[in-house]
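**Student:** coords please:
(one chain, ligands or ions: 1)
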Amino acid sequence: MAGIDIEGLATVYPNGVRAVDGLDLHVADGEFFALLGPSGCGKTTLLRTIAGLEAASEGTVRIDSVDVTRVEPGKRGVAMVFQDYALFPHMNVSENITYPLKVRRVAAATRSEVASHTAGELSLQGLLERKPAQLSGGQQQRVALARAIASKGKVLLLDEPLSNLDARLRLEARTFLKKLQRDLGITTVFVTHDQAEALALADRIAVMDSGKLRQLGSPREVFARPTNTFVANFIGSTPMNLLPGKVAASSGVEGAPRPTDTTSSQNGSAASSAAVGLVSVAGGSLPAATFSTPVGAEVTVGIRPEYLTVASGDVTGPALRGIVVVAENLGTQSLVTVDCDGTLVGVTVPEETEPAPGTAVALTAPATRVLLYDHDSGELLA
Ligand code: ATP
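**Tutor:** Down below sits the predicted model:
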């Protein structure tokens, strides 16, 4: 088992594209780590540079504390699973799984033992004699994983491992992969453009944009407290509301406890005892921690639909007032769009409490859930 240390890494293609552009990253021993970002952000290039399939132009890659930046792929101790699985069509499952061992001239009897043991771990018993064409997509994916695991690499690199599976199989394979990684404890880096997949699987997520790291954190951190509007926009199955606003009152109490601990309370009320400021937005105002942002400053106010509440009865404190435009069914929840003085605001509510279009509503939120971003840079304000 091994950690991965990346320092000042840049990968520049011959056409001048800096696909990875000065990255520092530490993946801990045994960690399940996601590289997440939109198409073209450089996540596959980063994975391939860790594997040695692309040459680093600047910086270093260390695996298990050994500098492997100039070491050829086969000698880095990595096992990679490609998006299309790259199985050999003329070999059966057993031969596919043990191919890396054959290359290393491991004896046939040992190979056969490894094949049946790994097939057991990946629920492929009974399929060892089949060719890839005789397997379902999910089974092919597990053979590719089995081959990577049987090669006994120190780290496992997965390039969009679930993207070739249909929606139902994908969920099944996701659960399978999470359990397998936990059981084996192997350091794993996987690439995905699917934020829900990264949130569900990873211990930590690196969100990338244009070859750079935009945020690094646990799924909970990147969901609840995106450090910039790029990540705020990218994470979450319902988009975060990003509303133009102005600081109306400062929290104003130097040294007051800062409501930064977003994990301590389900609804964010943990910091309600802290002094709270006010931010005005179309349709009214919301409470917010405004410790270092002066009154009058223009900001972008970030609030997730999940953290807004449609108030029942009269509201005396800060709230956004508006008219329900439309409600979309999300299963047990509904996403309700409210027109607040011309600005559309999304709020999720339990399906059975969905207000009808045309209803006048007031929306409230705890101060801990209202994030303020710099109007120009989009960076989170403290
Ligand atoms: P996707 O999710 O679409 O696979 P990605 O985030 O994995 O995207 P990369 O494939 O790493 O992104 O590509 C990053 C950038 O490098 C893109 O601008 C892409 O066009 C460019 N690029 C990728 N491969 C090459 C190559 N072989 N030669 C030149 N440019 C490349």
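**Student:** which residues does the residue of the stretch 251-382 of the chain found nearest the ligand contact?
**Tutor:** Nearest to the ligand in the stretch 251-382 of the chain, going by Cβ to the nearest ligand atom, is residue 378, at a distance of 20.2 Å. (Each C-beta comes from the backbone N, C-alpha and C, glycine too.) Listed by Cβ atoms under 8 Å, 6 or more residues apart in numbering, the contact set of residue 378 reads 228, 229, 230, 300.
**Student:** Mind picking the two most distant members of the residues you listed?
**Tutor:** Farthest-apart pair in those is 230 and 300; separation 11.7 Å (Cβ to Cβ).
**Student:** Give me the more crowded residue out of the two.
**Tutor:** residue 300 (23 against 19; other Cβ atoms under 10 Å).
**Student:** Tell me how far the closest residue to the more buried one other than its chain neighbours lies from residue 188.
**Tutor:** Setting aside the residues directly before and after it, residue 300 is nearest to residue 373 in space (Cβ to Cβ, 6 or more residues apart in numbering), at 4.2 Å. Separation of residue 373 from residue 188 (Cβ to Cβ, to the nearest Å): 32 Å.
**Student:** Neighbour count: the two, which is higher?
**Tutor:** The neighbour comparison of residue 373 against residue 188 (other Cβ under 10 Å) goes to residue 188, with 26 against 21.
**Student:** How is that one assigned, secondary-structure-wise?
**Tutor:** With DSSP: H, G, I helix; E, B strand; the rest coil as the basis, residue 188 sits in strand.
**Student:** and it, what are its bridge partners?
**Tutor:** When bridges are called by DSSP bridges, residue 188 pairs up with residue 32, residue 156.
**Student:** In contact with it: list those residues for me.
**Tutor:** Counting by Cβ under 8 Å, 6+ apart, residue 188 makes contact with 31, 32, 33, 155, 156, 157, 158, 181.
**Student:** ok but the last one is inside a helix, no?
**Tutor:** Read that as residue 181. Yes - according to three-state DSSP, residue 181 belongs to a helix.
**Student:** what about it, how many residues close to it?
**Tutor:** Number of residues near residue 181 (other Cβ under 10 Å) recorded here: 22.
**Student:** can you pull out the strands in the stretch 101-250 of the chain?
**Tutor:** Remark: strands assigned in the stretch 101-250 of the chain by DSSP state E, counting those that start in this stretch are 155-159, 187-192, 204-209, 212-217, 241-249.
**Student:** Distance to the ligand and mean pLDDT for these - can I get that in CSV?
**Tutor:** Listed next are the strands of the stretch 101-250 of the chain as CSV, based on distance: least, Cβ to the nearest ligand atom, whole Å; pLDDT from 0 to 100:
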stretch, distance to the ligand, mean pLDDT
strand 155-159, 8, 93
strand 187-192, 6, 95
strand 204-209, 7, 97
strand 212-217, 12, 97
strand 241-249, 23, 94
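**Student:** Distance to residue 355 added to the ones you listed, as TSV?
**Tutor:** Output for the strands of the stretch 101-250 of the chain, formatted as TSV (distance: least, Cβ to Cβ, whole Å):
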stretch	distance to residue 355
strand 155-159	43
strand 187-192	35
strand 204-209	34
strand 212-217	34
strand 241-249	17
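**Student:** can you tell me how far residue 63 sits from residue 180?
**Tutor:** Distance of residue 63 to residue 180, computed by Cβ to Cβ: 21 Å.
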